[in-house]
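S.K.: just a sequence and a predicted model for now, questions to come.
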Amino acid sequence: MAGPVLRVILGDQLSTRLDIVDGADKANDVFLLAEVMAEASYVRHHVKKIAFLFSAMRHYAQALRSAGYTVRYVALEDDGNTQSLDGEILRAVDALAPDRVAVTEPGEWRLREGFEALRLALPAPLDILPDTRFLCSHAEFDAWAEDRRELRMEFFYRDMRRRYDILMQPDGKPVGGRWNFDAENRKPPKAGLDSPPRLSFRKDAITLDVLDLVRRRFPDGYGRLEPFHFAVTRRQALRELDHFIAHILPGFGDYQDAMVSGEPYLRHSLLAAYINAGLLYPLEVCHRAEAAFRDGHAPLNAAEGFIRQILGWREYVRGVYWRFMPDYAERNALDAHEPLPWFYWSGETRMACMREALSHTYDHAYSHHIQRLMITGNFALLAGLDPKAVHEWYLAVYADAYEWVELPNTMGMALHADGGLLASKPYAASGAYIRRMSDFCQGCAYDPTIAVGDRACPFNALYWDFMARHRDRFSRNARMPYVYANWDRMGADRQAALRDQAQAHVVALREGRL
Ligand code: FAD
Ligand code: DLZ
Ligand code: SF4
């Protein structure tokens with residue numbers, strides 16, 4: 001009889017519709033899942049993220065066992081745990097003498113490299129299987145990107161709509177006659193805009209054990225551990241999806257960019273953590289949103305906007321990541337070197353908008369896209385924070401963060417550190433944008449209408465200084481002519497005052513006074 005295949009499942013691969021599970025021999029093969037410090041501490045993960053993954057891993061192992069599979073589950077405090085994935089694979093190989101070892105390709109470059117090195121040390125062959133949860137393979141993305149001068153998400157997305165026949169008419173045109181309804185999706189918050197009620201899942205014995213473990217083993221970890229409401233099984237994640245489709249999706253488009261104090265979620269889905277960990281499949285989520293539109297339950301601007309994030313952005317950033325790594329992580333096109341200010345961790349700053357986004361992050365391991373992009377990301381861009389330090393922060397603090405998706409969003413979308421590969425223009429904005437799209441400024445020590453002086457909103461002078469610093473690069477950008485026309489109209493005195501003010505903000509930042 002053939003020996004077993006050792007089937008390794010990583011913490012963000014908790015799906016059953018994967019070749020690694022489909023091809024398993026129940027009588028013979030063994031699945032390996034391992035909680036290890038190397039993964040739990042390679043960045044300073046939010047404690048909710050660690051608890052979510054450990055609990056979801058334990059529930060997944062339980063589901064595999066109930067389905068008749070053999071599982072070797074190594075808990076963080078088990079005797080002999082080597083605390084690294086390599087170490088646990090080698091230990092399992094020693095104990096089980098498998099004929100082969102199989103793993104689904106990991107989501108991060110460092111692990112992919114690690115597995116290539118491990119291959120040489122293993123006495124059995126290692127098969128790295130494709131991750132078929134994604135809707136565009138590496139080869140398909142490369143074929144799409146190959147002869148293009150510029151990689152633009154919008155064109156990638158149109159191809160994906162055609163390929164998966166999502167929101168398409170029988171004549172091959174997009175439903176509604178347009179690919180994109182974003183013009184209807186940028187409404188400022190109306191008075192009283194709040195988050196509809198969200199699900200909160202009962203904590204079972206597994207989750208309670210994990211919370212206790214995380215409390216004990218990560219006492220200095222970042223973030224608030226409880227209350228802990230996350231779904232930790234596929235069944236619960238499907239309930240979260242049902243809830244989103246039924247009650248929240250219809251309003252997704254209109255207020256997608258709005259921000260409100262004390263309301264971290266608004267009309268966002270909160271599904272990224274579940275999709276990325278494997279509890280939900282991206283295609284099923286898109287199909288549910290399309291069905292909601294076709295049933296007349298959700299308007300087209302909501303369904304299309306939502307689907308674009310998953311079928312478009314999510315697949316596109318993954319394609320960019322794998323096509324340009326490892327060089328992508330080293331980019332710093334805007335030559336930004338300011339260290340990450342401590343308030344990104346502590347939340348202690350006089351800027352109300354930053355305080356708000358940072359407190360959502362600390363409390364929930366979540367803040368919605370516009371807060372990530374236009375508050376914490378925008379500040380990092382304007383202040384010239386070091387891209388690597390900012391990247392490590394984003395990778396740590398969100399429950400949905402894995403490098404394949406976080407890095408292009410940070411380096412490319414938020415910081416323009418890739419020189420415009422991912423986004424054609426920088427997402428830079430002054431206090432006026434934040435004032436229009438949120439209610440944050442009402443509780444701020446600064447005034448968004450002032451650019452110079454004691455109460456000047458830091459986003460204002462930093463914005464102009466950023467544009468002036470990078471004039472050579474951005475004045476050639478066809479999407480930004482109005483910026484430099486406005487700057488030139490100001491006159492030398494005003495320009496000098498703004499640049500001095502920006503310097504004063506940087507000094508205040510370094511001295512912890514901002
Ligand atoms: P919704 O707003 O409800 O969007 C629906 C879904 O679309 C999300 O669940 C997600 O799967 C997908 N999606 C939306 N925007 C993007 C995007 N730009 N890239 C990829 N997928 C997208 N997303 C992550 O999943 N992990 C990260 O680590 C991450 N880091 C980010 C860092 C920065 C600086 C920025 C600007 C964005 C980042 N994003 C990341 C993208 C986006 O902000 C999150 O996917 C989203 O906020 C998750 O919340 P949600 O599930 O409520 O999303
Ligand atoms: C994020 C994470 C954490 C916190 N812990 C583990 C773990 O103990 N074991 C594991 O297999 N995976 C963990 N992960 C997820 C991995 O870091 C993830 O698979 C890689 O980052 C690739 O995306
Ligand atoms: Fe943020 Fe400026 Fe508004 Fe304060 S005034 S909340 S710093 S945009």
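M.R.: Thanks, I have the structure now. Residues are numbered from 1 along each chain as shown. Ligands and ions are numbered 1, 2, ... in the order given.

S.K.: residues of this structure that sit close to ligand 1?
M.R.: 268-272, 275-276, 306, 309-310, 313-314, 317, 368-369, 372-373, 377, 394, 398, 400-401, 405-406, 409-410, 413-414 (Cβ under 6 Å from any ligand atom). Every residue, glycine included, has its C-beta placed from N, CA and C.

S.K.: give me the buried entries from those.
M.R.: Buried subset of the residues of the chain next to ligand 1 (neighbour count, 16 or more other Cβ atoms under 10 Å): 268-272, 275-276, 306, 309-310, 313-314, 317, 368-369, 372-373, 377, 394, 398, 400-401, 405-406, 409-410, 413-414.

S.K.: domains in this protein, by residue range?
M.R.: As assigned by automatic domain parsing, the chain contains the domains 5-129, 138-200+233-324, 343-510.

S.K.: all helices of the stretch 101-250 of the chain, in order?
M.R.: 109-121, 138-145, 153-164, 205-217, 234-243 (DSSP state H, counting those that start in this stretch).

S.K.: for L53, find the nearest of those.
M.R.: helix 205-217 (9.1 Å; Cβ to Cβ).

S.K.: how about the closest one as CSV, C-alpha atoms only?
M.R.: Extracted in CSV, the C-alpha atoms of helix 205-217 (Å, rounded to 0.1, in the frame of the first residue of the first chain):
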residue,chain,number,x,y,z
ALA,A,205,-15.6,26.4,23.9
ILE,A,206,-13.0,26.5,21.1
THR,A,207,-13.2,30.2,20.7
LEU,A,208,-13.2,30.8,24.5
ASP,A,209,-10.0,28.6,24.7
VAL,A,210,-8.4,30.6,21.9
LEU,A,211,-9.2,33.9,23.5
ASP,A,212,-7.7,32.7,26.8
LEU,A,213,-4.6,31.6,24.9
VAL,A,214,-4.2,34.9,23.1
ARG,A,215,-4.7,36.8,26.3
ARG,A,216,-1.9,34.8,28.0
ARG,A,217,0.6,34.5,25.1
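
S.K.: show me what it is in contact with.
M.R.: Residues from elsewhere that reach helix 205-217 (Cβ atoms under 8 Å, 6 or more residues apart in numbering): 47, 50-51, 54-55, 58-59, 62, 75-77, 203, 221, 225-226, 228, 232.

S.K.: before we move on, the earlier item: now mean pLDDT and distance to ligand 2 too, for the domains of the chain, in JSON lines please.
M.R.: As requested, these are exported to JSON lines (pLDDT from 0 to 100; distance: least, Cβ to the nearest ligand atom, whole Å):
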{"stretch": "domain 5-129", "mean pLDDT": "97", "distance to ligand 2": "3"}
{"stretch": "domain 138-200+233-324", "mean pLDDT": "94", "distance to ligand 2": "8"}
{"stretch": "domain 343-510", "mean pLDDT": "96", "distance to ligand 2": "4"}
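
S.K.: can you list those in TSV and add distance to V214?
M.R.: Formatted as TSV, the domains of the chain follow (distance: least, Cβ to Cβ, whole Å):
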stretch	distance to V214
domain 5-129	5
domain 138-200+233-324	16
domain 343-510	12
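
S.K.: what's the closest of those domains to ligand 3?
M.R.: domain 343-510 (3.2 Å; Cβ to the nearest ligand atom).

S.K.: span of the closest one from start to end?
M.R.: Using Cα to Cα, to the nearest Å, the end-to-end distance of domain 343-510 comes out at 11 Å.

S.K.: near ligand 3, anything from it?
M.R.: Yes: counting by Cβ under 6 Å from any ligand atom, ligand 3 is contacted by domain 343-510 at 351-353, 431, 434-435, 440-441, 444, 446-448, 457-459.

S.K.: quick one, which of those residues are buried?
M.R.: Judged by 16+ other Cβ under 10 Å, buried ones among the residues of domain 343-510 next to ligand 3: 351-353, 431, 434-435, 440-441, 444, 446-448, 457-459.

S.K.: pretty sure R435 is touching C441, no?
M.R.: Yes: using Cβ atoms under 8 Å, R435 is in contact with C441, at 4.7 Å.

S.K.: which residues do these two both contact?
M.R.: With Cβ under 8 Å, 6+ apart as the test, R435 and C441 both reach P448.

S.K.: so what's N378 up against?
M.R.: Contacts of N378 (Cβ under 8 Å, 6+ apart): 414, 427-429, 459.

S.K.: narrow the contacts of helix 205-217 to those that are buried.
M.R.: Buried among these (16+ other Cβ under 10 Å): 47, 50-51, 54-55, 58-59, 75-76, 203, 221, 225, 228, 232.

S.K.: widest-spaced pair of those?
M.R.: The distance between the two most remote of the buried ones among the contacts of helix 205-217 (Cβ to Cβ) is 21.4 Å, for H59 and G221.

S.K.: can you read off the pLDDT for M1?
M.R.: Looking at M1, its pLDDT stands at 62.

S.K.: repeat for the one 3 residues further on
M.R.: The per-residue pLDDT reported for P4 equals 95.

S.K.: for it, give me the backbone phi and psi.
M.R.: Phi and psi for P4, reported as degrees, to the nearest 10, are phi -70, psi 160.

S.K.: what's the burial count for it?
M.R.: Residues lying near P4 (other Cβ atoms under 10 Å) number 21.

S.K.: what's the answer for R455, then?
M.R.: Neighbours around R455, by other Cβ under 10 Å: 12.

S.K.: mind listing what it touches?
M.R.: 445-447.

S.K.: what's the closest non-adjacent residue to D127?
M.R.: Nearest residue to D127 in three dimensions, chain neighbours excluded: A102, at 4.4 Å (Cβ to Cβ, 6 or more residues apart in numbering).

S.K.: re earlier: can I get the helices of the stretch 101-250 of the chain in CSV with mean neighbour count?
M.R.: Formatted as CSV, those follow (neighbours: other Cβ atoms under 10 Å):
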stretch, mean neighbour count
helix 109-121, 14
helix 138-145, 15
helix 153-164, 17
helix 205-217, 16
helix 234-243, 18
